[in-house]
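K.L.:
my questions are about this predicted structure, shown below with the sequence.
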Amino acid sequence: MVHTPVTRPSHYSKPWWSPHLTTLRHEFHKASRKARKHDTPALRDMANISNAGYFKAMKAAKNKHWSSFLLGATPRSLWTAKTFAYGRTPPCFPSLPGAKTPPQMNKVLLNHFFPRKNYFPRPPDYGLTRRPPVNK
């Protein structure tokens, strides 16, 4: 019988991952499956303890990797670290006079490109009567 080989993620995708975390993950999933199956307070406590240990270890591994990345950072890789820490800057809205928020910008742009037609008001009626046309 031919088996499909187990795929392994690239070590670049989660460089902070370790075999210790794999073991903790297996223990956590095993304890949570038992707790769901049998539903006893002791098993739920074990699952909660393994859950806390697994996620604390994962957080510690991420922090350790981040610290080592920053210690070994070069001037060129500092910009990469900044992008990782703060994320990419959102695209800027163009500056328009009288518009600070996107809805205001929408209104300003609509009024600029599609101006309202200037309808002149009707002249007031001053009580003048029209004269009938003169027939010749």
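P.N.:
Received, thanks.
K.L.:
tell me which residue is most central in this structure.
P.N.:
Nearest to the mean C-alpha position of the chain, counting by CA atoms, centre = their mean, stands Gly87 at 9.6 Å.
K.L.:
could you check how far it is from Pro103?
P.N.:
Using CB to CB, to the nearest Å, we find Gly87 at a distance of 25 Å from Pro103. From N, CA and C alone the C-beta is placed, and that goes for glycine too.
K.L.:
same check on Tyr86?
P.N.:
From Tyr86 to Pro103 the distance is 27 Å (CB to CB).
K.L.:
repeat for Asn111
P.N.:
13 Å.
K.L.:
and His11, that one's in a helix?
P.N.:
No. Per DSSP: H, G, I helix; E, B strand; the rest coil, His11 lies outside any helix segment and is coil.
K.L.:
quick one: the closest residue to it other than its chain neighbours and Lys82, what's the gap?
P.N.:
Beyond its immediate neighbours in the sequence, the residue positioned closest to His11 (CB to CB, 6 or more residues apart in numbering) is Trp17, lying 7.9 Å away. Trp17 sits at a distance of 24 Å from Lys82 (criterion: CB to CB).
K.L.:
cool, and His112?
P.N.:
For His112, the distance to Lys82 - CB to CB - is 37 Å.
K.L.:
also Gly53?
P.N.:
Distance, Gly53 to Lys82, using CB to CB: 32 Å.
K.L.:
so between those two, which is more surrounded?
P.N.:
Gly53 (14 against 10; other CB atoms under 10 Å).
K.L.:
neighbours around the closest residue to the more buried one other than its chain neighbours, how many?
P.N.:
Leaving aside its chain neighbours, Gly53 sits nearest to Leu24 (6.3 Å; criterion: CB to CB, 6+ apart). Neighbour count of Leu24, defined by other CB under 10 Å: 20.
K.L.:
could you do Ala35 as well?
P.N.:
With other CB under 10 Å as criterion, Ala35 counts 20.
K.L.:
which residue comes closest to Gln104 once chain neighbours are left out?
P.N.:
For Gln104, ignoring the flanking residues on the chain, the nearest one in space by CB to CB, 6+ apart is Gly98 at 7.2 Å.
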